[in-house]
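Engineer: got a sequence here, can you model it:
(2 chains)
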Amino acid sequence: MILKDKSDYPESCLSLLAVLRYKCTRYKYEYIGKIISLLPFLRGTCTRYRLLFLLLAGCLTFINSTYAQTVTVTGRVTESTGNPLPGVTIVIRGTSPTGTTTGEDGRYTLTGVPADAVLSFSFVGFKTQEIPVNGRTRLNVQLQEDITTLSEVVVNAGYYTVKDQLRTGSIARVTAKEIENQPVSNALSALQGRMAGINITQGSGAAGGGYEIQIRGTNSLRRVGNYPMYIIDGVPVSPETASNSISASILPNTEINPLNAINPNDIESIEILKDADATAIYGSRGANGVILVTTKKGRTGRKTALSVNTGYGLSRVAGKMEMMDTPQYLEMRRQAYANDGITDYPANAYDINGTWDQTRYTDWQDELIGRTATTSNVQVSLSGGSENTSFLASASHNEQTTVFGRDFKYKTNNLSLNLNHRSDDNRFTLSSAVLFSGQANNLIRTDITSKALLLSPNAPALYKEDGSLNWEDNTFTNPVAAYESTYDNKNKALNFNINLSYELFRSFYIKLNSGINQQVFEEKILSPSTIYNPAFGFTSATHSSIRKANQHQFSYLLEPQLNYRCTFNAHEMDILVGGTFQHRQTSALGISGSRFESNALITNLAAAGNVTVIYDTETGYKYAALFGRINYQYKKRYILNLTGRRDGSSRFGTDNRFANFGAVGVAWLFAEEAFFNDIRWLSFGKLRASYGLTGSDAIGDYQYLDTYTVSSNSYGGIKGLYPSRLYNPYFSWEKTTKLEVALELGFLDDRIRLNTAWFRNRSGNQLVGIPLPGTTGFTRIQANLPATVENKGLELELNTNPVRTGTFNWDSGFNISFPRNKLVSFPGLEGSTYANQYVIGYPVSIAKVYNYEGIDPETGLYTFTDYNNDGNISSPDDNQVIKRTGARYYGGWSNQLSYKQWEFSFLFQFVNQVQKNYNSAMLMPGTMNNQPVEALDVWSKDNPGGQYMAYSSGVDAQKNQSFLLFKNSTVAVGDASFIRLKNIQLSYLLPVNKHVQNIRFYAQGQNVLTFTDYFGLDPEFISTGFLPPLKTYSFGVQFNF
Amino acid sequence: MKKIYLFFCIGGLLLAACEDLIDVGYPSNQLGTPQVFEDVQTANAALAYLHAMVRDRSVMSGGSFTGMGTLGGMYADELDCYYNDQNGVLDIYHNQLQETNTSIASIWSNSYQQIYYANAVIYGVEQSPTLSGDDKNRIKGEALLVRSLIYFYLQQLFGDIPYTTSLDYEYNRTIGKTEASALLAQLEKDVTEAAGLLVDDYRDAERIYPNRKAAQLLLARIYLLQGEWLLAEQTAKNILQSPLYQYETDINEVFHKSGKHILWQLKPQNNGDATSEATHYYFADSAPHNFALTQDLVDAFAGNDLRKQAWIATVTVNEQSWYRPHKYKNRSNNTDEYSIMFRLEEVYFIIAETLARQNKMDEALSYLNASRQRAGLTPLASLTEEEFHNELLAEKRREFFTESGHRFLDLKRWGRLDELSTVKPNWENYKQVWPLPQSELLLNPNLYPQNTGY
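Structural biologist: Below is the predicted model:
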């Protein structure tokens, strides 16, 4: 065997060689043999190489020993901004990998340097510089940042890591740089618009709730079936935290996102796995993509550093609707009664029957959701490390108030510790992350945003002069009475991970990834009788209640793995086999109390005259799997990646518990081929493709059982038992096949990178609750629907570096995604319960609506196309127009500019979409509800172009019906495209002195500008009734010691 | 390569252990269906849930937005509605029903859910190898009675409706409608069976579970609908003859739970809880938010009618008066009121009606006068047939306002719903049945055609 280049040596042998050479400059040859004999592992596994080493080492020593003149070189390495660069590797070229690294201040000392040697200075992310010593003893070096090394970036793929350049799968990555210091409490908010193929919407402008994340579209016909998988430092966490039956309606879908538990500033990177190649190793949980969160770690060889970061922000609602003022509103009301032929205004038409002051005007949006919310946060982190061990400890506190007119507050506390250790012989490594978070959210129970739009503009004042609630002699259902009805939650989450690895034999590793995730979630809803109009005569004895729920979730994870890597000539193989066992136990207790002597006592269940246990459950979820990966590379140019997983889940009946998933991925780095050598402008070129099968078991626990459930309802003192569900033990996994082809190109030394991916995902065997008619006793049954949903699309990512001088740098990134969702097949759709909801060949997010034709000049009613000509506009024959709702394309444009100590960045997010607009949510114009000014455009003989039919007070059934059709017609669906300046940031780094290394000042804006033609409160939040996103300005300071 | 074999060996071992690894058993709040009916306690619990649903969410329940007490009252001429919640409650009041009305849809689906629960209980006890014969009869009888009562109301509201005793969703999801007369014949059979299974003795002294007599009262109602006057008369008289019952003579005691005139009443969930009726209709110091009695109804009472004082409360604000039902009074610390489902007064009215239909006016008169006399009114004497019919309807309206939709059922049975048009401007004859919910028609096309007029 002939050694052609040093990559043919096993890594361990290389380091040995370094030791040998160093020694040989000082000692005689006979020592070499002894040293080798002292290293026992070489005897067994490296026997073949021993002789070669001796020969080679001998030669090298011989060559080296001819040089007698050596010097000691010292100096300082800085980056282009002048800041010292610690950790730069300095070696003597052409001789050996030995050398030194720069210290914290960028200084180094290298002894024994031959006077005519060439020193090589290298550091990740910078261009390597080689400088001849020429007898000098002092060498100061400035390193230039190097973008070509971006391809050296290592990407976390979950069970393994892969060099970005060599990956076969589709993995989107965002690092700390993009996430840090943003005025958001959940990192997902900072990801919006940054990644192709990933569409993120926050559920509500009130902090502490859920997010809707679609990674490459909607795969499942169920909303919860589209949750991605979340893995925090190797530990999977439940995607729907503690969604509980008592949760308040202030949080849309009563969801709480698991990433709320992590301070965005603690995150090192977020990787999102998209295609089959990346997700199939997660098998049944990978269908909707996997979100991997990695927290920051300390670095070895650094002196202990302290960083203090504090910020403060102000937020307001980003969008408002222009509503009618009092004269316009009252005119509408009077007209409505006139149109209905009613001259005596009803007793409860307080706004116009003289009860309320008709000259008052209140902008209820300002009054109810118009407060300025504040955000403040402080974080202290300490990091450092020795040669083998490093740590990072961080503590932070964050407080956020709401725009509602009272001191509601969301508070989080985070503590984290990261620890990494490596044994002296590099064979054993340990890394551990402990994340603790305490969240406390105090909110109003029900969102009052819709009240802000609907309240009559002449409605009375909220408070009397003495500060008490104003019920205006029981005529005014005061919306802020609801402030007394609060929702509190406290969530304590602990995520603990230990990752062990031991190199058993050469390049053969045994690993264990293990973790614990524990959550203690407490909720409390107060509902005192004072929230009701006194006219109802409710008292604390009849209508005050408290509901409390506790949920305890404990999950542990064990993932033993074996990993073997081998290299033969230009062939490289990486094999991974592992198993997963996860057990999650959840116990939940919900209790309600009522009949209190006084409202002052309602926070205490013990004071309740009547206490009911709403539920008391203990449930378990077990999951076991076997997974593997074989990665084969030839010449680092042709790559084959095979992944597979066999999964078992307790969520299915005994016959359907196991399923197999897998994928194959290939990549060809074609720019490395000889025939591309002459094409200088092409610096990188890769073609990759993957195909595979993933699945979903997100169906909830125990759905296959034939049981009765204990109810909180009782009769005659006997607690009820009711049939849990329609019995069907035969449902099984939802399966998604994914296909992707991608082209990755780098031009002009990678200053321009263009990634283009085309994908097609098909989800079959849809695991849904099939809607049933009421006569079955249930609204749905759990079953697999033989329907196929296809998501395909094109994703483009363009990253450029237009300007890069020493002092001024500009990076620009643009991404755009064109998702296409289609219901491909649905055997028996006609006549099935879905006939009115879906159409084959169309997206699953369609609205079948009536075709609006205008206003009939005879009747004054809205008219619609009568497709079946039966003289009656009704479903399902007349709502024939299919409107595709959802995004047509979306993306973002981000820019980072830096000039000396200044950094400036901004991000535009854009979405082109069609959604239901405010017409679909409107209440009949003319009823006692305020309307947007658009509703002033009323049709009449004099205004034949009017948009809305004549007002009605709600007693005209013909108009009611006509309006109902209008709300479900083509005019209720409209363009909801927008461009939003999502984030803008300016920061300045001030170098201070040797005690304080530097201070960074930063100012940020979030959701600063929005351009849209959408008819509604906000184009981003299409679920009406919830607080729209907030516009935030923040500033902060970061001290680094 | 040896190492690769090692991988597969370890893998294989792990795989073999998988089956047991992921077994989780039952959650703590669920019980396997067969086990529920092995034991009388748990079987009673399944039945208790059905009774709780009858109380809280059924078409018969009194103080709810989807019960006939309120909806029937305002669809006819008892209640004015001030409640506008977008669920179509106001449209029901205005007799402007659309097939998209969500309140109607929830009545439909709630009713069939309760029918499923009843069917599940019936099937469960029938299959049970361990329950005693007495327990089986009692549980099945009660479930059968509840199911029949729900069907009875559904038939009255919707006309032809699906009738099922099956738990099979494949059958139930495509089921067609049963024609009204066939359905009534089936109900007659079912209720007769229930009466046979039940016994006269109440299993709870507070009469919170139906007994055989309650079943007989429903049977009498069904006979009335079928025009079986004699059978209805005999069945009703059979109830009267029972020593369990006694006509309540004190107007103030009628809605107290201890009365001997009560055949079946519903106990609130917790001791001390108000009846749903007491809170549902309450308002004070303001114009009504939800419901108030119509002026037409209030005017139907003579000035000296004791019921006007005892069962109606007047709310005056700014010299304007409204009236609210005040039959149930305790809104807190309720110790003496339960929601009455069946009371003996109805038996009197049934007998009066059957006798009148058979032209036995003299005998009929005494049954009609019972409630008048209790209300402090002078007994009526010698009426013509037409006068008697009018008086019977008017008197029953005064007696049973806001109770279980009696008014609507009576007008319908007498074919006199069109008389509503004097006070209900939108009334039209086809409105005697409600539209089938559109959502149901879409999910089960076998329910077509929609009822006439909708």
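Engineer: from here on, just use CA atoms for contacts and neighbour counts.
Structural biologist: Will do.
Engineer: around chain B, which positions in the stretch 401-550 of chain A sit nearby?
Structural biologist: For the stretch 401-550 of chain A, the residues in contact with chain B (Cα under 8 Å from any Cα of the partner chain) are A:D473, A:N474, A:T475, A:A535, A:F536, A:G537, A:A541, A:T542.
Engineer: okay, and which of those residues map to helices?
Structural biologist: Secondary structure from DSSP state H places A:A541, A:T542 of these in helices.
Engineer: residues in contact with the residue nearest to the spatial centre of chain A?
Structural biologist: By Cα atoms, centre = their mean, chain A has its centre lying nearest to A:L188, at 3.8 Å. Counting by Cα atoms under 8 Å, 6 or more residues apart in numbering or on different chains, A:L188 touches A:I200, A:Y211, A:L259.
Engineer: what number of residues lie near the last one?
Structural biologist: In other words, A:L259. A:L259 has 22 neighbours, counted by other Cα atoms under 10 Å in any protein chain shown.
Engineer: helix/strand/coil for it?
Structural biologist: helix (DSSP: H, G, I helix; E, B strand; the rest coil).
Engineer: so for it, what's the pLDDT?
Structural biologist: At A:L259, the pLDDT value in this model is 91.
Engineer: that one reaches A:S189, doesn't it?
Structural biologist: No. Taking Cα atoms under 8 Å as the definition, A:L259 is not a contact partner of A:S189, at 10.4 Å.
Engineer: any idea how far the residue nearest to the centre of chain A is from A:R194?
Structural biologist: Computed with Cα to Cα, to the nearest Å, the distance linking A:L188 and A:R194 is 10 Å.
Engineer: same check on A:I215?
Structural biologist: From A:I215 to A:R194 the distance is 13 Å (Cα to Cα).
Engineer: for B:G72, same thing?
Structural biologist: Applying Cα to Cα, the value for B:G72 to A:R194 is 58 Å.
Engineer: before we move on, what about A:T295?
Structural biologist: Counting by Cα to Cα, the separation of A:T295 from A:R194 is 19 Å.
Engineer: again with B:T178
Structural biologist: Counting by Cα to Cα, the gap from B:T178 to A:R194 is 60 Å.
Engineer: so those two - more neighbours on which side?
Structural biologist: Between B:T178 and A:R194, A:R194 has the larger neighbour count (other Cα under 10 Å), namely 25 against 18.
Engineer: give the bridge partners for A:I231, please.
Structural biologist: Applying DSSP bridges to A:I231 gives these bridge partners: A:P236, A:L292.
Engineer: spit out the contact partners of it.
Structural biologist: Going by Cα under 8 Å, 6+ apart, the list of residues near A:I231 reads A:V237, A:V290, A:I291, A:L292, A:V293.
Engineer: low-confidence ranges in the stretch 151-300 of chain A?
Structural biologist: For the stretch 151-300 of chain A, applying pLDDT under 70 flags the ranges A:151, A:241-248.
Engineer: swap in chain B?
Structural biologist: B:1-19.
Engineer: before we move on, back to that, which element is the residue nearest to the centre of chain A on?
Structural biologist: Element membership of A:L188, judged by DSSP states H and E, is helix A:187-191.
Engineer: over to A:T586?
Structural biologist: Using DSSP H and E, A:T586 sits within strand A:571-594.
Engineer: mind listing the strands that strand pairs with, and their directions?
Structural biologist: Paired with strand A:571-594 in the same sheet, following DSSP bridges, are strand A:545-568 (antiparallel), strand A:610-634 (antiparallel).
Engineer: any chance of JSON lines for these, columns mean neighbour count and distance to A:L500?
Structural biologist: Below are those laid out as JSON lines (neighbours: other Cα atoms under 10 Å in any protein chain shown; distance: least, Cα to Cα, whole Å):
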{"stretch": "strand A:545-568", "mean neighbour count": "21", "distance to A:L500": "9"}
{"stretch": "strand A:610-634", "mean neighbour count": "20", "distance to A:L500": "18"}
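Engineer: dump these into TSV; add mean pLDDT and distance to B:I208 as well.
Structural biologist: Formatted as TSV, the strands paired with strand A:571-594 follow (pLDDT from 0 to 100; distance: least, Cα to Cα, whole Å):
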stretch	mean pLDDT	distance to B:I208
strand A:545-568	92	27
strand A:610-634	92	21
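Engineer: now A:S920: closest residue in space that isn't a chain neighbour?
Structural biologist: Spatial nearest neighbour of A:S920, chain neighbours left out: A:K967 (4.4 Å); criterion: Cα to Cα, 6 or more residues apart in numbering or on different chains.
Engineer: gap between that neighbour and chain B?
Structural biologist: To chain B, A:K967 is 13 Å away according to Cα to the nearest Cα, to the nearest Å.
Engineer: any stretches of chain A with poor pLDDT?
Structural biologist: By pLDDT under 70, the weakly predicted segments of chain A are A:1-68, A:80-82, A:94-98, A:124-125, A:145-151, A:241-248, A:831-833, A:1022.
Engineer: assign a three-state SS to the residue nearest in space to the middle of chain B, would you?
Structural biologist: Taking Cα atoms, centre = their mean, the centroid of chain B lies closest to B:M60, which sits 2.0 Å from it. B:M60 carries the three-state label coil when classified by three-state DSSP.
Engineer: in contact with it, which residues?
Structural biologist: B:M60 sits next to B:V54, B:G67, B:M68, B:G69, B:I150, B:Y153, B:S404 when contact means Cα under 8 Å, 6+ apart.
Engineer: and those, which two are the farthest apart?
Structural biologist: Within these, B:G69 and B:I150 form the most distant pair, 13.9 Å apart (Cα to Cα).
Engineer: of the two, who's got more company?
Structural biologist: The residue with more neighbours, out of B:G69 and B:I150, is B:G69; 27 against 19, by other Cα under 10 Å.
Engineer: tell me which helix or strand the more buried one sits in.
Structural biologist: Element membership for B:G69 (DSSP H and E) is helix B:68-75.
Engineer: contacting residues for residue 217?
Structural biologist: You didn't pick a chain, so chain A it is. A:G197, A:N199, A:N791, A:P819, A:R820, A:N821.
Engineer: could you do chain B instead?
Structural biologist: When contacts are taken as Cα under 8 Å, 6+ apart, B:L217 is in contact with B:T235, B:A236, B:I239, B:F342, B:V347.
Engineer: of these, which belong to helices?
Structural biologist: Secondary structure from DSSP H places B:T235, B:A236, B:I239, B:V347 of those in helices.
Engineer: which member of those residues is positioned nearest chain A?
Structural biologist: Distance to chain A across those (Cα to the nearest Cα) is lowest for B:I239, with 24.6 Å.
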